[in-house]
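give me the fold of what follows.
(2 chains)
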Amino acid sequence: MGKAIVITSGKGGVGKTTTSANLGTALALSDKKVCLLDLDIGLRNLDVILGLDNRIIYDIVDVAQGRAKLHQALIKDKRFDEKLFLLPAAQNADKSVLQPEEVKKIVDELKPDFDYVLIDCPAGIEQGFVNAVAGADVAIVVSTPEISAVRDADRVIGLLEKQGLDEPPMLIINRIRTHMMNDGQVMDVDEITQHLSIKLLGIIFEDDQVISTSNKGEPIVLNEKNLASQGYRNIARRLLGETVPLMNLNPEKKKGLFQRISSWFKKD
Amino acid sequence: MQNVVLKGYKDGYEITLNADADFNAILAELTKLFAELQLEKEKSEAKSLSFDISTGTRLLNAEQKQQVEKIVSRYPLFSIHRFTSSVMQVQDALEMIESRTVHLNASTIRNGQTEDVKGDVLFVGDLHQGGILRSTGNIFTFGKNEGILHAGYPNDATAIIIGNIHTTQQVRVADVVDIVEDDKVQTNDETVVFVNDLHVLEYTEREKVKIIRPKLFTRMGGY
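Residues are numbered from 1 along each chain as shown, chains lettered A, B, ... in the order given. The predicted structure follows:
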């Protein structure tokens, strides 16, 4: 029996969809069978980030309303043979066409066949959020270091705690700009984690490549050397139960030979 | 057997209804008692009398009270002062306990949430920005306070807030609100917020509780 994880944030633009796509891909790369569920009905884009937008025939609303079978609507990502699937959102409807029970039914139907069902939640705390949370066992809250995102995350965590999921929600701090955090211009990782008082699942550094690869329909996780990619891979490993240390905020640059020699003579 | 007993005390008259007797029997006896009283009253000079009705270990419901009142209302000179009994409903008792205990509260109140407490609260949890801790009584806090503290909700202006409140967004007591802005309140773990005689929120130190709220001070065990 798989685990259904909702990825949510409250505020828009913090990287829910990017996180869903990359975390799903990272789990698929770790040989887990993953289904991504896009619940941002009317504004779907998880399919675009995964590069699967051309292949949508049926969507989740078709499944809920009985126009298509679940397996007909699932899109297989050919890059990860039989490991990554997407159930896309509808484009020509809005969030209120789905009811929480319908979403729960679909998720429950998916869980026996997959190791992980990742639910991409729309921004806001209205119907779309209620639908997304209905089927979930666990929640991941994505926030950026901005105060507005943290404040919204706080609100959403409150709602999630009321919902009574199987486990307390976990936190991903996304789009960290190291120089701003090191300068103290934004809240740092410890401050945010302490303020929200939930478990920190991982941190992701801001990286231009995340956007450029998304534009090509390739999740950044596929690029092993990228720092953001490593962040997502670490999160996937932690989800699988491994203990992985948090990434360093000050990645040391490789020193040249002369620098190394001169550092021997430095007093500190 | 006599089911209705009239007794006179220094501060008035009390009619005790036998708690084990049938209520109809009591009503019959009451009717008789008042008829006799009226006769006696007519002999002496007219002066209105008011009675306490004590029901012992029986609780009268609204209908029964009405029946008793109906009997008494036939006589313009007599009236019922109040009903008393030595027992109370479990629910009322629980509510009374609730409103009189100091509740220890360690919850995390997040943005958009409101934690309602009946009675006094000793808060040791986290109150985040945008969260509200609201109690019908006093708030004593040494938790993390970054939201809104509301004591004496909805209308008890005698309630106070004690604790470190310089990081809160607002403090409210009853219907009075104050926005706690930077440097307005000193960093002091013992700030007291109360509504003064002009119905304005005022900040003072812990030592002043004895002067501003002597009753509370005594209740807390001070003297």
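
which residues in the stretch 101-250 of chain A form helices?
Ranges of helices in the stretch 101-250 of chain A, per DSSP state H, counting those that start in this stretch, are A:127-134, A:147-163, A:178-182, A:189-196, A:208-215, A:227-239.

out of those, flag the one nearest residue A:116.
Of all the helices of the stretch 101-250 of chain A, it is helix A:227-239 that lies closest to residue A:116, at 7.8 Å by Cβ to Cβ. C-beta: built from backbone N, CA, C; applies to glycine.

what's the distance between the residue in chain B that chain A sits nearest to and residue A:193?
Proximity of chain B to chain A (Cβ to the nearest Cβ) peaks at residue B:110, 3.4 Å away. Distance, residue B:110 to residue A:193, using Cβ to Cβ, to the nearest Å: 14 Å.

the two: which has the busier surroundings?
A count of neighbours by other Cβ atoms under 10 Å in any protein chain shown puts residue B:110 above the other of residue B:110 and residue A:193, at 27 against 16.

next, residue A:27: phi, psi?
Here is the backbone geometry of residue A:27 (degrees, to the nearest 10): phi -70, psi -40.

number of nearby residues for it?
Residue A:27, neighbours per other Cβ under 10 Å, totals 29.

now swap in residue A:56 and tell me
18.

per-residue pLDDT, it?
At residue A:56, the pLDDT value in this model is 92.

do I have it right that it meets residue A:72?
No. Between residue A:56 and residue A:72 there is no contact under Cβ atoms under 8 Å: 11.4 Å.

about what we covered before: for chain B, which of the helices of the stretch 101-250 of chain A is the nearest?
When the helices of the stretch 101-250 of chain A are compared by Cβ to the nearest Cβ, helix A:147-163 sits nearest chain B, at 3.4 Å.

which helices and strands does the top helix by length along chain B pack with?
Ordering each helix of chain B by length in residues (DSSP state H) puts helix B:23-43 first. Counting contacts by 3 or more Cβ pairs under 8 Å, 6 or more residues apart in numbering or on different chains; DSSP states H and E, helix B:23-43 packs against strand B:4-9, strand B:12-17, helix B:62-73, strand B:78-84.

buried ones in that helix, by neighbour count?
B:26-27, B:29-30, B:33-34, B:37, B:41 (16 or more other Cβ atoms under 10 Å in any protein chain shown).

what's the answer for stretch A:203-212, then?
A:203-207, A:210.

can you check stretch B:103-119 too?
Neighbour-count burial for stretch B:103-119 flags B:105, B:107-113, B:115, B:117-119 (criterion: 16+ other Cβ under 10 Å).

contacts only, for residue B:69.
Shown in contact with residue B:69 (Cβ atoms under 8 Å, 6 or more residues apart in numbering or on different chains): residue B:80.

measure it to residue B:86 for me?
In terms of Cβ to Cβ, residue B:69 sits 21 Å off from residue B:86.

and chain A, which residues reach chain B?
For chain A, the contact set with chain B under Cβ under 8 Å from any Cβ of the partner chain comprises A:151-152, A:154-155, A:157-159, A:161, A:195, A:197.

using neighbour counts, trim those to the buried set.
A:151-152, A:154-155, A:157-159, A:161, A:195, A:197.

just for the chain, where's the confidence low?
Using chain A. For chain A, applying pLDDT under 70 flags the ranges A:251-255, A:267-268.

meant chain B actually
Along chain B, the parts satisfying pLDDT under 70 run over B:1, B:45-46, B:182-183, B:223.

how's it carved up into domains?
What automatic domain parsing lists as the domains of chain B is B:4-87, B:93-219.

can I get the buried residues of helix B:23-43 in TSV with distance to residue B:93?
Converted to TSV, those look like this (distance: Cβ to Cβ, whole Å):
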residue	distance to residue B:93
B:26	25
B:27	28
B:29	30
B:30	28
B:33	31
B:34	33
B:37	35
B:41	39
